[in-house]
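> Just to be clear, the model below is a prediction. Sequence and coordinates:
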Amino acid sequence: MAQARFSLLLALEIAIFRRPRPQIETELRVLIWRISNENPLWGAPRIHGELLKLGFEIAQSSVAKFMVKRRQPPSQGWRTFLRNHAPEIAAMDLFVVPTIGFDLLYAFVVVRLDRRELVWINVTANPTAEWVARQITETFPWDEAPHYMIRDRDRIYGTMSHVDCAPWGFGTSLPHRLHLGSDWYVSAPAT
């Protein structure tokens with residue numbers, strides 16, 4: 001008897017409180033598919049936001065369900081970019097080296113990514129933007145300049161590195177982090 005009442009209450013709860021989800025109209029499904037097809041870099045959160053701006057009430061999970069299914073990424077990944085452009089990329093870093101007498105020296109290092117070879121290293125006690133620019137000009141003669149230079153956001157570079165790197169024409173902006181070797185990490189600027 002008690003089990004029959006429990007079954008009846010459970011059936012009423014399902015009937016009253018758990019109504020089926022409303023069906024998404026065909027026009028909205030086509031719109032989601034079209035937006036995701038025409039904008040391959042947009043994900044479900046972006047398309048969901050655009051649909052909300054247009055006045056459509058739909059869940060982000062429903063948007064993800066009706067998006068175009070892609071088998072491969074829309075563009076090359078970071079690893080592919082490095083494989084394709086490694087001969088054209090160099091990385092520079094300036095870091096502090098404490099001495100045995102508790103003095104601080106500043107080491108400037110330049111590494112080519114294609115063979116992970118150390119191109120240039122120099123040490124100074126008083127680094128300036130002019131000194132860094134001179135190191136760059138001495139590192140790369142006119143015929144050996146890389147297309148891209150990865151650097152971190154140290155203030156020591158100043159505007160001199162941009163000015164002095166202009167004749168070679170290499171840019172300094174790449175994605176945020178790059179693993180160069182066992183212990184070296186260089187983060188690129190977000191410009």
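That came through, no problem.

> where do the strands sit along this protein?
89-98, 104-112, 117-124, 148-150, 177-179, 185-187 (DSSP state E).

> mean confidence for the last one?
Summarised as a single mean, pLDDT over strand 185-187 is 40.

> what does the second one give?
Per-residue pLDDT values across strand 104-112 average out to 91.

> helices or strands next to it in the packing?
Strand 104-112 sits against strand 89-98, strand 117-124, helix 129-139, with contacts defined as 3 or more C-beta pairs under 8 Å, 6 or more residues apart in numbering; DSSP states H and E. Any C-beta I mention is one placed from the backbone N, CA and C, and that applies to glycine too.

> JSON lines for those, including mean neighbour count, distance to Pro146 and mean pLDDT?
Shown next, in JSON lines, are the helices and strands packed on strand 104-112 (neighbours: other C-beta atoms under 10 Å; distance: least, C-beta to C-beta, whole Å; pLDDT from 0 to 100):
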{"stretch": "strand 89-98", "mean neighbour count": "17", "distance to Pro146": "4", "mean pLDDT": "88"}
{"stretch": "strand 117-124", "mean neighbour count": "13", "distance to Pro146": "9", "mean pLDDT": "90"}
{"stretch": "helix 129-139", "mean neighbour count": "18", "distance to Pro146": "10", "mean pLDDT": "85"}
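
> Just put the ones you listed in CSV and tack on distance to Asn39.
Putting the helices and strands packed on strand 104-112 into CSV (distance: least, C-beta to C-beta, whole Å) gives the following:
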stretch, distance to Asn39
strand 89-98, 29
strand 117-124, 41
helix 129-139, 40
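
> can you tell me how far the nearest residue to Val110 once chain neighbours are set aside sits from Trp142?
Distance criterion C-beta to C-beta, 6 or more residues apart in numbering; nearest residue to Val110, sequence neighbours excluded, is Trp120 at 4.1 Å. Counting by C-beta to C-beta, to the nearest Å, the gap from Trp120 to Trp142 is 16 Å.

> closest to Phe6 out of the strands of the chain?
Phe6 lies closest, by C-beta to C-beta, to one member of the strands of the chain: strand 177-179, at 57.7 Å.

> my guess is Leu82 contacts Leu113, does it?
Yes: Leu82 is in contact with Leu113 according to C-beta atoms under 8 Å; the separation is 7.0 Å.

> Ser36: which of the helices and strands packed on strand 104-112 is closest?
With respect to Ser36, and counting by C-beta to C-beta, the nearest of these is strand 89-98 at 32.9 Å.

> Just want the angle from that closest one to strand 104-112.
Relative orientation of strand 89-98 versus strand 104-112 (axes from the mean of the first three to the mean of the last three C-alpha atoms, to 10 degrees): 160 degrees.

> Strand 89-98 vs helix 129-139, what angle?
Using the same axes, to 10 degrees: strand 89-98 against helix 129-139 is 130 degrees.
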